[in-house]
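Peer 1: Give me the fold of what follows.
(chains A, B, C, D, E and F)
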Protein chains: 4
Amino acid sequence: MASHPHAARAAAPRKNTPQKRDPEATSQALLDAAVAEFSEHGFAGARVDRIAAIAGANKQLVYHYFGNKDELYRITLERVYKQIRDREQELHLSDLHPVAAMETLIAFSFDYLAEHPEFIAMLNDENRLGAPHLKASSHVANMHSPLVKLIEETLARGIEAGVFSDRFGPVNLYLSIAGLSYFYFSNQNTLSVIFDRDLSSPAQIARRRQHVIDFAMAAIKPE
Amino acid sequence: MASHPHAARAAAPRKNTPQKRDPEATSQALLDAAVAEFSEHGFAGARVDRIAAIAGANKQLVYHYFGNKDELYRITLERVYKQIRDREQELHLSDLHPVAAMETLIAFSFDYLAEHPEFIAMLNDENRLGAPHLKASSHVANMHSPLVKLIEETLARGIEAGVFSDRFGPVNLYLSIAGLSYFYFSNQNTLSVIFDRDLSSPAQIARRRQHVIDFAMAAIKPE
Amino acid sequence: MASHPHAARAAAPRKNTPQKRDPEATSQALLDAAVAEFSEHGFAGARVDRIAAIAGANKQLVYHYFGNKDELYRITLERVYKQIRDREQELHLSDLHPVAAMETLIAFSFDYLAEHPEFIAMLNDENRLGAPHLKASSHVANMHSPLVKLIEETLARGIEAGVFSDRFGPVNLYLSIAGLSYFYFSNQNTLSVIFDRDLSSPAQIARRRQHVIDFAMAAIKPE
Amino acid sequence: MASHPHAARAAAPRKNTPQKRDPEATSQALLDAAVAEFSEHGFAGARVDRIAAIAGANKQLVYHYFGNKDELYRITLERVYKQIRDREQELHLSDLHPVAAMETLIAFSFDYLAEHPEFIAMLNDENRLGAPHLKASSHVANMHSPLVKLIEETLARGIEAGVFSDRFGPVNLYLSIAGLSYFYFSNQNTLSVIFDRDLSSPAQIARRRQHVIDFAMAAIKPE
DNA sequence: AATGAATGAGTTTTCATTCAT
DNA sequence: TATGAATGAAAACTCATTCAT
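Peer 2: Have a look, this model is predicted:
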């Protein structure tokens, strides 16, 4: 647990703090613990016992509040998605010059993943499973990323201003911007072994961050 | 099992074919089955029973040949890595013009992932675990991807010829090329739900393939 | 629940009707629900949660009113016994000719079981358990069936009138009359499968009813 | 356990006799234990743990051999049905005079139930459940009781000989003969409380046995 | 009187692994 | 080399009951 990079960050464990009669706090603690546990161990490897223990709650409360492990996973996934969507929503780019706006957007995309390994971990597991929890979620399925729309608008402004090429569609561009950052963090551990360098160090991350911005901006420059 | 996209490909089930005394074939069948099982269910979700059953072998043979589940996973991972490294080794780009060479390289990178979902699945799980099996493997740790060297050479030739910019290093370039493809396949299931379109369809894959090549080539053009 | 033959009859669910401060109604609703639940699932299979839910009451009220599951079962059993004893008490046969009186009595016995599967279900479970709740009940233990006395009187009148044989005692006769009907309803489900016909259909029940009357009346005719 | 009337009879516990490598004996011991446990506690009240313990076997072997609790119940039920059907098959009545034959048949019916309380207990529970295990069993569903045919033949011979009435069909007659005995044993515990006498005593059983024969024979005499 | 949160002790079931043949 | 039986430990989930409000 402690050795894992994103366990501590994602959860706010409250061991030995058996709060009495505070359902709101209890279910919140359970969800925090679930994020940590699921992202660290995956769905199959996660233990309901451990989630309850981390949350300082009784195991049966997991079932009381969330029904079962699958439902808990779904709700946890919704939470993790909601968090990034909320952050994305806060981006206000319309006042910026298209180039600055696009750079901000790319940087945000990188930074969010850098700071939220639990998001990557949960996405990876959900993808291997075939996205059953996402499909079962009425919330998330409708949670289109505002980023696509932001990219679309920024792109349009940039094309108009003659600073961006018009050859890439917004969805593909979104996937490319995301992919440039995602792969680095998703595969950080294996890549660190293969390249024999610590890709999680602040210096390496800063270097990669700059590259991603430069690379993407270079790609969309007009010919 | 059968409904899973990469199960059938990776494994060669031999149910009801209890071959007597063919250790080579048996252990091969077990490894094939292990690739399918681990990539479909992850390490924690994989079942030794199921691996034996798929291989048409006795469960005890798993332990006989491979020691335990962890060792089997490590060997399976090595196998999967070796496979891609072997394919990468076969790439001969020096006869091609730098632009054609780079395009070939990007395309290979895309196509391999398109055809080997089990590779992505195993990498994702290994990364979540913190790459313990990779670290434990003397083989794989030394398996530097030949791609980095290929990129380096091709890049140098292109810079020399004035067709490539010299601002991106080979490692970062490798990560970007890989990331553009990897994210699409790694997150295919969730993205398909979010965008409400089937990203696994041949048409969508072809479109993405072209974008990846175009995008990367545009990025490395000289300013 | 809804599909079960005697659930609906015994209970009067009042979901979503959280009556405030009506102890009489609440405990009645709980008892109705208990009859349905215990007869459908047996003592071990019954769920206190479900009883409260069916009654539209809070689970804690079960404990408030009845102490625990065992006590609730005992009270439920008493209720079910009281119901049949009350109905038996209403039978007035002295004005009828012995033959008509005996037929009425047999028919009543059959009809009551036909209409009260919950009585059979609870008796069966209580018998398997060794009748602990019945023994614990001061009420029921004294609830001799008035039927035995009715049979005794009717039998005496019939012997006097020369229409009944005097070879069968009232208790054995009671057991025989009950058994002829009881077995049919108690084992209706398994017998329906074995004989591949629906013994719960009105036609089959009517046929059996006539047989039971004919058979018993034939048995007690004087030689 | 020990206080229950038919527990000891039905099972052959082999506690502390962990036989190694004898699958036949092990699964037999488990089935014996299952008969005892299910008939004593019903399906819901039965404990897989206890079944294994009684059989002196490992709990997981129950799942190894039988899959799950439901399957075990089904197989146990099949076993109990097969036992009575086998005994019924052994009845040879054709050499006897119809009256003697019918008396033998009635007596057999009574005696079997007297000696096999586990059969009654399992039938009662299966009936409350709606006979799901019986329906799921391809074996038992086809296990028509040979008794019906025996009754039919004996009845025909008796009618021919002028000693039996022809007004009752064989199926109804079967149900009546069974019911006269079944009710007595099925409800022995509650009836003993109600009538304040021990219906399980040999003397009471003998008295009831004679009554059942007399009553049934009287009923089918020609008018 | 009534409610919903909380819990201890199970209960079925699973699974990696070892044993005996 | 190969097999199926056997098992310890733990997994998800359940349930009667009590607590705090």
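Peer 1: Return the nearest residue of chain A with respect to DNA strand E.
Peer 2: The minimum distance from chain A to DNA strand E, using CB to the nearest atom of the strand, falls at A:N58 (2.9 Å). C-beta coordinates here come from the backbone N, C-alpha and C atoms, glycine included.
Peer 1: Next, that residue: phi, psi?
Peer 2: phi -80, psi 140 (degrees, to the nearest 10).
Peer 1: just checking, it touches A:A52?
Peer 2: Yes - A:N58 is within contact range of A:A52, at 6.2 Å (criterion: CB atoms under 8 Å).
Peer 1: burial count for A:A131?
Peer 2: By other CB atoms under 10 Å in any protein chain shown, the residues close to A:A131 number 23.
Peer 1: my guess is it contacts B:F195, does it?
Peer 2: No - look at A:A131 against B:F195 with CB under 8 Å: they stay out of range, at 12.0 Å.
Peer 1: In chain A, which helix is the longest?
Peer 2: As assigned by DSSP state H, the longest helix anywhere in chain A is helix A:23-45.
Peer 1: in that one, what's buried?
Peer 2: Using 16 or more other CB atoms under 10 Å in any protein chain shown as the test for burial, helix A:23-45 gives A:26-27, A:29-45.
Peer 1: just stretch A:83-90 next, same as before
Peer 2: Residues of stretch A:83-90 classed as buried by neighbour count (16+ other CB under 10 Å): A:84-85, A:88.
Peer 1: which ones are touching A:V80?
Peer 2: A:35, A:116, A:118-119, A:122 (CB atoms under 8 Å, 6 or more residues apart in numbering or on different chains).
Peer 1: which of those residues lies closest to chain D?
Peer 2: A:M122 (32.1 Å; CB to the nearest CB).
Peer 1: any idea of the pLDDT on the closest one?
Peer 2: In this model, A:M122 is scored at 97, pLDDT.
Peer 1: Specify the angle between the helix or strand encompassing it and helix A:23-45 in degrees.
Peer 2: Element membership for A:M122 (DSSP states H and E) is helix A:117-129. Our comparison of helix A:117-129 with helix A:23-45, counting by axes from the mean of the first three to the mean of the last three CA atoms, to 10 degrees, yields an angle of 50 degrees.
Peer 1: who's in contact with helix A:117-129?
Peer 2: Residues outside helix A:117-129 that contact it (CB under 8 Å, 6+ apart): A:5-6, A:9-10, A:35-36, A:38-40, A:42-43, A:76-77, A:80, A:83-84, A:112-113, A:132-134, A:182, A:185-186, B:39-42, B:121, B:124-125, B:127-128, B:186-190.
Peer 1: cool, stretch A:216-223 as well?
Peer 2: The contact list for stretch A:216-223, computed with CB under 8 Å, 6+ apart, reads A:99, A:102-103, A:106, A:155, A:158, A:162-166, A:168, A:173, A:176-177, A:180, B:165, B:167, B:215-216, B:218-221, B:223.
Peer 1: and the residues you listed, which are buried?
Peer 2: Buried, going by 16+ other CB under 10 Å: A:99, A:102-103, A:106, A:155, A:158, A:163-165, A:168, A:173, A:176-177, A:180, B:165, B:167, B:215-216, B:218-220, out of the contacts of stretch A:216-223.
Peer 1: List the ones among those residues that fall in helices.
Peer 2: Counted as lying in helices by DSSP H, out of the buried ones among the contacts of stretch A:216-223, are A:99, A:102-103, A:106, A:155, A:158, A:173, A:176-177, A:180, B:215-216, B:218-219.
Peer 1: Show me which residues of chain A are close to chain C?
Peer 2: With the criterion set to CB under 8 Å from any CB of the partner chain, chain A never comes near chain C.
Peer 1: sorry, back to before: can I get the ones in helices among the buried ones among the contacts of stretch A:216-223 in JSON lines with distance to A:H64 and pLDDT?
Peer 2: Below are these laid out as JSON lines (distance: CB to CB, whole Å; pLDDT from 0 to 100):
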{"residue": "A:V99", "distance to A:H64": "52", "pLDDT": "98"}
{"residue": "A:M102", "distance to A:H64": "47", "pLDDT": "98"}
{"residue": "A:E103", "distance to A:H64": "47", "pLDDT": "98"}
{"residue": "A:I106", "distance to A:H64": "43", "pLDDT": "98"}
{"residue": "A:L155", "distance to A:H64": "48", "pLDDT": "97"}
{"residue": "A:G158", "distance to A:H64": "52", "pLDDT": "98"}
{"residue": "A:L173", "distance to A:H64": "45", "pLDDT": "98"}
{"residue": "A:S176", "distance to A:H64": "44", "pLDDT": "98"}
{"residue": "A:I177", "distance to A:H64": "42", "pLDDT": "98"}
{"residue": "A:L180", "distance to A:H64": "43", "pLDDT": "98"}
{"residue": "B:F215", "distance to A:H64": "49", "pLDDT": "98"}
{"residue": "B:A216", "distance to A:H64": "51", "pLDDT": "98"}
{"residue": "B:A218", "distance to A:H64": "55", "pLDDT": "98"}
{"residue": "B:A219", "distance to A:H64": "52", "pLDDT": "98"}
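Peer 1: Now stretch A:131-147: buried residues?
Peer 2: Neighbour-count burial for stretch A:131-147 flags A:131, A:133-135, A:137, A:140, A:143, A:145, A:147 (criterion: 16+ other CB under 10 Å).
Peer 1: My error: substitute stretch A:73-83 in the last question.
Peer 2: For stretch A:73-83, by 16+ other CB under 10 Å, it's A:73-81.
Peer 1: ditto for stretch A:195-204
Peer 2: For stretch A:195-204, by 16+ other CB under 10 Å, it's A:195, A:199, A:204.
Peer 1: Among those residues, which ones are in strands?
Peer 2: In strands, defined here by DSSP state E, there are no members of the buried residues of stretch A:195-204.
Peer 1: quick one: pLDDT of whatever residue of chain A ends up closest to chain D?
Peer 2: Scanning chain A for the residue nearest chain D gives A:N68, at 18.6 Å (criterion: CB to the nearest CB). On pLDDT, A:N68 comes in at 94.
Peer 1: Can you give me the distance of it to B:Q28?
Peer 2: Applying CB to CB, to the nearest Å, the value for A:N68 to B:Q28 is 39 Å.
Peer 1: How about A:E40?
Peer 2: Going from A:E40 to B:Q28 by CB to CB gives 34 Å.
Peer 1: now swap in A:A178 and tell me
Peer 2: Applying CB to CB, the value for A:A178 to B:Q28 is 38 Å.
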